[in-house]
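Undergrad: the following block contains a protein sequence and its predicted model.
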Amino acid sequence: MKGIKTKISFNNKQITMAKQHCGVGRHAYNWGVALCKEILASGGKLPSAIDLHKRLVAEVKTQFDWYYDSSKCTPQQKLRDLITAYSNYFRDVKNGTIQAKKNKYIAQRKRKGLPINYDKLNDIGKPKFKRKDAESDCFYLEGSVIEIKGKRIKVPIFGWLKTFEELPECKPKNVVISRKADKWFISFKREFETAHTVKEHELTGVDWGVKTLATYSDGTKKPNPKAYGRNKRRLKIAQRQQSKKYKKNVKKQSNNYYKAALKVAQIHARIANIRNDNIHKITSDLCKNHAIICLEDLDIKNMSQNHKLASAILDGGNGELNRQMGYKSKWYGSDVVYVDRFFPSSKMCSCCGNVKKELKLSERIYHCDVCGHTQDRDVNAAINIKNKGGELLRQQPVEDLQNSTQLSSPTKQEGNSNVQHCVSFS
């Protein structure tokens with residue numbers, strides 16, 4: 001299955017209907033959260049999504065007639081999402097993730113000399129109440145009336161909706177309509193056959209970076225647009241203006257406050273769109289044109305704990321890069337090989353194999369003290385990753401290498417450096 005998401009054009013009536021659906025879904029979800037908290041606090045068993053919906057029909061719909069103005073699928077799906085969220089919470093409790101988050105919260109409060117909020121401590125990881133804001137929202141629809149014709153799609157309640165691009169011919173069973181800032185989108189799934197495209201290159205190595213987001217072993221460099229860094233000042237000013245319009249102890253804020261909140265949401269959406277566009281272009285180029293891609297198995301979560309480089313690392317979206325490589329390689333018939341994170345790709349000479357003891361971040365040109373080889377630091381690292389990946393391929397098949405990859409292993413560090421592995425991120 002392949003997901004399709006595209007922008008849609010709403011008229012004023014359809015915008016009102018969409019906001020009503022979002023409100024119904026949010027109300028049902030918050031009602032479910034309150035009910036589940038009450039049941040669990042009294043020692044009861046968590047109800048199923050079906051049981052929640054039966055109680056919703058009997059207890060809530062009779063009080064609020066506006067529930068019948070929206071599709072019944074919307075509150076049903078929100079209650080299913082709630083039970084899924086609780087299932088994820090109980091799974092994290094069992095594997096110790098929740099306790100680790102609680103310990104981290106306690107340590108942070110003690111280090112800052114602040115009291116511990118036990119209500120917040122006990123709610124860590126649990127589903128929380130949804131609030132009405134200007135950032136994003138969504139609702140779910142399903143039915144046999146869903147139909148696609150060119151640049152139009154027919155959905156229940158709304159009828160025919162216009163899109164800005166040609167849609168693939170298929171018969172979706174359900175759709176999700178979502179809002180990001182003031183733009184509306186529709187998404188659905190369709191059957192997809194993997195296309196094994198003809199590859200221009202057999203084997204390549206890629207070094208993820210910060211200044212240059214991706215450096216190929218053939219010398220190709222993909223720059224980092226630095227979406228957040230370049231829009232940081234605009235976002236700061238917009239958030240300050242929104243904060244000045246906020247009034248305490250008021251049930252509903254002024255219209256000017258919501259206008260300011262929308263500006264903040266639009267800047268956030270712009271940052272996300274720039275980042276995602278660049279990531280999709282890089283990953284599609286790699287998987288379409290390279291048969292085997294060798295990557296470093298980096299732990300982005302631990303690397304981002306370095307407060308000096310965390311913002312720059314997260315701005316590039318390296319975690320999303322690795323995630324997209326996973327499914328796009330299957331789409332286009334490519335193979336991804338992960339090199340161990342402790343492999344000294346930046347410190348090793350790609351010509352003679354000598355490994356330096358120390359390598360500063362400021363050294364952008366790699367110079368080997370043994371053979372005198374001089375090369376761009378990132379290209380040198382990408383070639384080493386390619387050579388190491390090719391060596392692993394000769395030892396065992398690609399499937400075994402992918403199955404043995406451990407993405408949760410400790411953060412890579414090079415040599416005696418105290419900085420987490422960010423030396424190849426530049």
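TA: The structure has been received and is ready for your questions.
Undergrad: buried set for stretch 224-237?
TA: Under the neighbour-count criterion of 16 or more other Cβ atoms under 10 Å, stretch 224-237 has N224, P225, K226, A227, Y228, N231, L235 buried. (Glycine included, C-beta is placed from N, CA and C.)
Undergrad: report the contact partners of the third one.
TA: Listed by Cβ atoms under 8 Å, 6 or more residues apart in numbering, the contact partners of K226 are D315, G316.
Undergrad: export the buried residues of stretch 224-237 as TSV, with columns for pLDDT and secondary structure.
TA: TSV is the format used below for the buried residues of stretch 224-237 (pLDDT from 0 to 100; DSSP: H, G, I helix; E, B strand; the rest coil):
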residue	pLDDT	secondary structure
N224	91	coil
P225	92	coil
K226	92	coil
A227	94	helix
Y228	94	helix
N231	95	helix
L235	96	helix
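Undergrad: and these, which two are furthest apart?
TA: Spatially, the most separated pair among the buried residues of stretch 224-237 is N224 and L235, at 17.9 Å (Cβ to Cβ).
Undergrad: mind listing the strands for the stretch 251-400 of the chain?
TA: 290-296, 335-339, 365-367, 374-376 (DSSP state E, counting those that start in this stretch).
Undergrad: what would those look like in TSV with distance to K104 and mean pLDDT?
TA: Shown next, in TSV, are these (distance: least, Cβ to Cβ, whole Å; pLDDT from 0 to 100):
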stretch	distance to K104	mean pLDDT
strand 290-296	26	90
strand 335-339	27	89
strand 365-367	37	87
strand 374-376	39	88
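Undergrad: you'd agree A28 is up against K78?
TA: Yes - between A28 and K78 there is a contact at 4.9 Å, judged by Cβ atoms under 8 Å.
Undergrad: quick one on the thing from earlier: what's the closest of the buried residues of stretch 224-237 to S187?
TA: Closest to S187, out of all of those and judged by Cβ to Cβ, is A227, at 22.1 Å.
Undergrad: number of residues surrounding the residue lying closest to that closest one once chain neighbours are set aside?
TA: Nearest residue to A227, sequence neighbours excluded (Cβ to Cβ, 6 or more residues apart in numbering): I274, at 3.9 Å. Residue crowding around I274 was assessed by other Cβ atoms under 10 Å; the count is 16.
Undergrad: flag the shaky bits of the chain, pLDDT-wise.
TA: 396-426 (pLDDT under 70).
Undergrad: domains in it, by residue range?
TA: 2-190, 201-224+265-404 (automatic domain parsing).
Undergrad: between these, which gets nearest to S254?
TA: Among the domains of the chain, if distance is taken as Cβ to Cβ, the winner is domain 2-190, at 13.6 Å.
Undergrad: does L52 touch I83 like I think?
TA: Yes - between L52 and I83 there is a contact under Cβ under 8 Å: 7.3 Å.
Undergrad: who has more neighbours out of these two?
TA: Set L52 next to I83 and count neighbours by other Cβ under 10 Å: L52 wins out with 23 against 19.
Undergrad: in the longest helix anywhere in the chain, what counts as buried?
TA: Using DSSP state H to define each element, the chain has its longest helix at helix 255-289. Neighbour-count burial for helix 255-289 flags 257, 260-269, 271, 274-275, 278-279, 282-283, 286-289 (criterion: 16+ other Cβ under 10 Å).
Undergrad: quick check: W31 touching V60?
TA: Yes - at 6.0 Å, W31 counts as touching V60 under the criterion of Cβ under 8 Å.
Undergrad: got the contact list for R55?
TA: R55 sits in contact with L35, P47, where contact means Cβ under 8 Å, 6+ apart.
Undergrad: what about it, which SS state?
TA: Of the three states, R55 takes helix under DSSP: H, G, I helix; E, B strand; the rest coil.
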